[in-house]
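*Asks:* From the sequence below, what's the structure:
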Amino acid sequence: MLLNYFKTGFRNLWKNKRFSAINLLGLSIGMASAILILLWTQHELSFDRFHQDQNQLYKAMNKSKFDGKVQVWGATPKILGPTLKAEYPDFQYIARANDIDGSVLRVGDTKISSNGMFTDPDFLKMFSFPLLKGNIDKALSETHSIVITESLSKRLFGKEDPIGKTISLRPVAATPTDFTVTGLLKDLPNNTQFAFDYLLTWSYFRSLGWDDEYWGNNSIGTYVKLQPGITESAINKKIENVTITHSKNVEDTKVFLFPVAKGRLYSQFENGISVGGRIALVRLFFIIAGLILLIACINFMNISTARSEKRAREVGIRKVVGAQRASLIGQFLGESILLTLISGVFALLIVQLSLPSFNLLTEKVLSVPYSSGMFWLIAIGFLLFTGLLAGSYPAFYLSSFRPIRVLKGTMHKVQALITPRKVLVVTQFTVAIVLIAATIIIRQQIRYAQERDAGYNRKNLGYVFISKDIVQNYDVISQQLYSSGAVVSLSKTSSPLTENWSNTWDIQWEGKDPSRKIVIDRYCTDGNLVTTAGFTLSKGRDINLREFPGDSLSALINESAVKVMGFSNPIGQTFEDNDKRWTIVGVVKDIILESPYDPMKPMVLEGPAGWFNALHLRLNPANSTADNLRKTEAVFKKYNPDFPFKFSFIDEQYEKKFNDEQRIATLASLFAGLTIFISCLGLFALATYMAENRVKEIGVRKVLGASVLDITSLLSKDFLVLVAVSILLATPVAWWAMHKWLLDFNYRVTIQWWVFAMAGVLSILIALATVSYNSIRAAMANPTKSLRNE
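*Replies:* Below you'll find the model as predicted:
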């Protein structure tokens, strides 16, 4: 029986090659799009869920009330981990984590700059990062032990066994130290929050003098593994006041644990409560995958039901000779599943060809797991579901024909205002128009933020990170950079201008309300930053030690800080921070350090008595960039030889802030285009079939004097009415969806009516272009050919 269904199905598909090809193409593209999106969503959902005992792994988080709202952050004091382990038996393992950026590793003549992480010995026991060589209990037990990944081992040692070998490591702010390789890790998967090529011990971190027991210094990550049977709610009640207790009420921060497996997708908090985050994007694209697949299935439904008259006699004869409705339903579903199986093969081919570009777009390393039995089980289920979805309505519709009416030729089409076919076409174009409008608004939001005044001049501005050699040779480096003509201004800062590495709520000033807890961004400069960065001074002057030797404890503040501090005349006022009293000498306009979508934050820029990690350079605009970089590199190679020269341009770093939104916009554009394309395939097939069915009517109209324009309008208007209805339905849906999306941004664009008008006009033009080809072709046909038998 099944074989007969497939034989009959194949004959029907072959007999109607053009419509079969349209169905095949639509289903193939629809399924390929859905597969790509599902691969992406599966990857997102798998983040840090591969660890053994993942339900026992947590990250310690802080929360506290600022200006009446509870804020949450993931950086914790260095002393928190050891305190939890010592005082609470509920913890099986605890590990601290602090990233190492830009260190140089050397083996013989091989020198590599790579990123690592300081951590405690328990880290390897908590997380499922396979240790290929070495003892998991001893790998991080000695101060000068180092655990490296496979890829780093190949870069340093080639194919040799690295265990027991020595690596000279030079941190940015420390002297070179020899380490012994005690472990070889399998390369980290790309679905984890961790990103390191090597691990160093916390005891080495302590030996550098970087450890502290200050409960107010929230600067590292703390991870824990609970004992079996300990619940999250129970342990959170026990530890919430640990910081308050140990700081003797100086700090009012509460501690809680948050699952590591949720860190990627549920990291958005409102008033201290997790309200989602990236999971909303995952759900959105999952819905888009379903909608694209649905649209492809709608094509099949529409084309199958539109061609019902061609198969009506077949159904009538089969019923007369004894066929039951169930067998007819089985036959039509068999045809649908056959077409879906063939489309599935083409879909996988499209996916395989598209994956390199899709991976580049999404910045992931996705692949189809052909070797997985589970994949093939899911794939078969996916194809059967698609086939049943696409074939269900046609199967029940075609099998419902009454043989007497069909064989007598008295079956007529119903000219109803609302028919299932019209509903399906409207559904297709409604989805397409929503995606078009969403794409326009997303791009508007990105452009709106890009055009926002960042408060400084990003052109010809860049930075290098400061090493110990740069600190020691700073005066001569500065002199030679100026004399080379490559640099017109430079300034040391605590972090790059596109990032903020420090904030505080402990700043005190005269007149401050002691009941208010206000977070203020903290930035440091050795002076001359207004000139180097291109800040705009509202009042006062820049910090300049050469002209004002007493500027070591001078500071700048931004306009938002002036409002928060309540100073009517801020110049000469003082504030206290880090046990130092700073004097305000200038006010600058607000500066964007982090997200361009966030409101401006109060900020203090503390002077030369602060700390410095980056050196900003304003390149000479009179020279070419290449010439400036060549001269600059020569100076740094001479006085900072252990570190490769890496100059980061501020404008390039600033553009990276828009990467996520740009990626969403590109994906939305891509899937909107595919949705339109698949919808137009179905529209084209329907228009072709309608033109074929009305060929005699068109011939008669032409003989009676109808013009090409008259006939084209006649054949097109029904479809355009459906598109117009789609516009009316899509507009409120698109507005609601994008309004909700924009609420995540404090600095956001206003949704305007012309966006929906543009999406509607665009969809009408696309639909008109699709149906016009067949309409014009039918209108221009010679009527004698269609009427010769009349």
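*Asks:* in a helix, that's where Gln42 is, yeah?
*Replies:* Yes: per DSSP: H, G, I helix; E, B strand; the rest coil, Gln42 lies within a helix segment.
*Asks:* Need the pLDDT of it.
*Replies:* We have a pLDDT of 93 for Gln42.
*Asks:* where are the low-confidence patches of the stretch 251-400 of the chain?
*Replies:* 304-325, 327-328, 393-400 (pLDDT under 70).
*Asks:* change it to 90
*Replies:* 251-252, 268-278, 280-281, 284-344, 360-365, 369-376, 378-400 (pLDDT under 90).
*Asks:* That one: helices as residue ranges?
*Replies:* 279-306, 308-320, 325-362, 373-398 (DSSP state H, counting those that start in this stretch).
*Asks:* the strands in the stretch 1-150 of the chain, which residues?
*Replies:* Here the stretch 1-150 of the chain has its strands, by DSSP state E, counting those that start in this stretch, at 57-66, 69-73, 91-107, 110-119, 131-134, 145-149.
*Asks:* Highest mean neighbour count out of those?
*Replies:* Neighbour counts (mean count of other C-beta atoms under 10 Å) averaged over each of the strands of the stretch 1-150 of the chain peak at strand 145-149, with a mean of 26. Where you see a C-beta, it was placed from the backbone N, CA and C, and this is true even at glycine.
*Asks:* among the helices of the stretch 251-400 of the chain, which is nearest Trp736?
*Replies:* Proximity to Trp736 (C-beta to C-beta) singles out helix 279-306 among those, at 13.2 Å.
*Asks:* what distance separates the closest one from the centre of its chain?
*Replies:* 22 Å (C-alpha atoms, centre = their mean, to the nearest Å).
*Asks:* got the angle for that helix vs helix 373-398?
*Replies:* 40 degrees (axes from the mean of the first three to the mean of the last three C-alpha atoms, to 10 degrees).
*Asks:* how many degrees apart are helix 279-306 and helix 325-362 in direction?
*Replies:* Going by the same axes, to 10 degrees, helix 279-306 makes 140 degrees with helix 325-362.
*Asks:* packing partners for helix 279-306?
*Replies:* helix 17-45, helix 325-362, helix 373-398, helix 420-450, helix 659-693 (3 or more C-beta pairs under 8 Å, 6 or more residues apart in numbering; DSSP states H and E).
*Asks:* who wins for proximity to Gln752 among those?
*Replies:* helix 420-450 (8.5 Å).
*Asks:* In terms of secondary structure, what does the helix or strand that the closest one is followed by contact?
*Replies:* Of the helices and strands lying after helix 420-450 in sequence (DSSP states H and E), the nearest is strand 461-465. For strand 461-465, the packing partners by 3+ C-beta pairs under 8 Å, 6+ apart come out as strand 614-619, strand 648-649, helix 650-655.
*Asks:* Note down every partner strand of strand 461-465 and its orientation.
*Replies:* strand 614-619 (antiparallel), strand 648-649 (antiparallel) (DSSP bridges).
*Asks:* do you know which of those lies nearest Ala734?
*Replies:* strand 648-649 (37.0 Å).
*Asks:* For the closest one, what is the distance to the chain centroid?
*Replies:* Using C-alpha atoms, centre = their mean, the offset of strand 648-649 from its chain centre is 23 Å.
*Asks:* looking at the helices and strands packed on strand 461-465, which is closest to Leu388?
*Replies:* helix 650-655 (46.4 Å).
*Asks:* buried stuff in that closest one?
*Replies:* Ile650, Gln653, Tyr654 (16 or more other C-beta atoms under 10 Å).
*Asks:* For the nearest residue to Pro176 once chain neighbours are set aside, list the residues it contacts.
*Replies:* Leaving aside its sequence neighbours, Pro176 sits nearest to Arg170 (C-beta to C-beta, 6 or more residues apart in numbering; 4.4 Å). Arg170 makes contact with Ser103, Val104, Leu105, Arg106, Pro176, Thr177, Asp642, Phe643, according to C-beta atoms under 8 Å, 6 or more residues apart in numbering.
*Asks:* With adjacent residues omitted, what lies nearest to Asp642?
*Replies:* What sits nearest to Asp642 in space, not counting adjacent residues and going by C-beta to C-beta, 6+ apart, is Arg170, at 5.3 Å.
*Asks:* circling back: quick one: which of the strands of the stretch 1-150 of the chain is nearest His739?
*Replies:* strand 69-73 (22.7 Å).
*Asks:* got the angle for that closest one vs strand 57-66?
*Replies:* Using the same axes, to 10 degrees: strand 69-73 against strand 57-66 is 150 degrees.
*Asks:* Strand 69-73 pairs with which strands?
*Replies:* strand 57-66 (antiparallel).
*Asks:* Tell me what angle the strand it pairs with forms with strand 91-107.
*Replies:* Using the same axes, to 10 degrees: strand 57-66 against strand 91-107 is 100 degrees.
*Asks:* And for the residue nearest to Lys646 when sequence neighbours are not counted, the neighbour number?
*Replies:* Sequence neighbours aside, Val464 is the residue nearest to Lys646 in space, at 6.5 Å (criterion: C-beta to C-beta, 6+ apart). The tally of other residues near Val464 (other C-beta atoms under 10 Å) stands at 22.
*Asks:* hang on, the earlier thing: from the contacts of Arg170, pick the one nearest Thr525.
*Replies:* Among these, and counting by C-beta to C-beta, the member closest to Thr525 is Phe643, at 22.3 Å.
*Asks:* can you tell me how far that closest one sits from Val172?
*Replies:* 7 Å (C-beta to C-beta, to the nearest Å).
*Asks:* overlap in contacts of these two?
*Replies:* Gly102, Ser467.
*Asks:* what residue is smack in the middle of this structure?
*Replies:* Asp660 (4.4 Å; C-alpha atoms, centre = their mean).
*Asks:* Would you quantify the distance from that one to Lys65?
*Replies:* 29 Å.
*Asks:* Equivalent analysis for Ile163, please.
*Replies:* 50 Å.
*Asks:* swap in Ser203?
*Replies:* Counting by C-beta to C-beta, the gap from Ser203 to Lys65 is 36 Å.
*Asks:* just Trp611 next, same as before
*Replies:* 29 Å.
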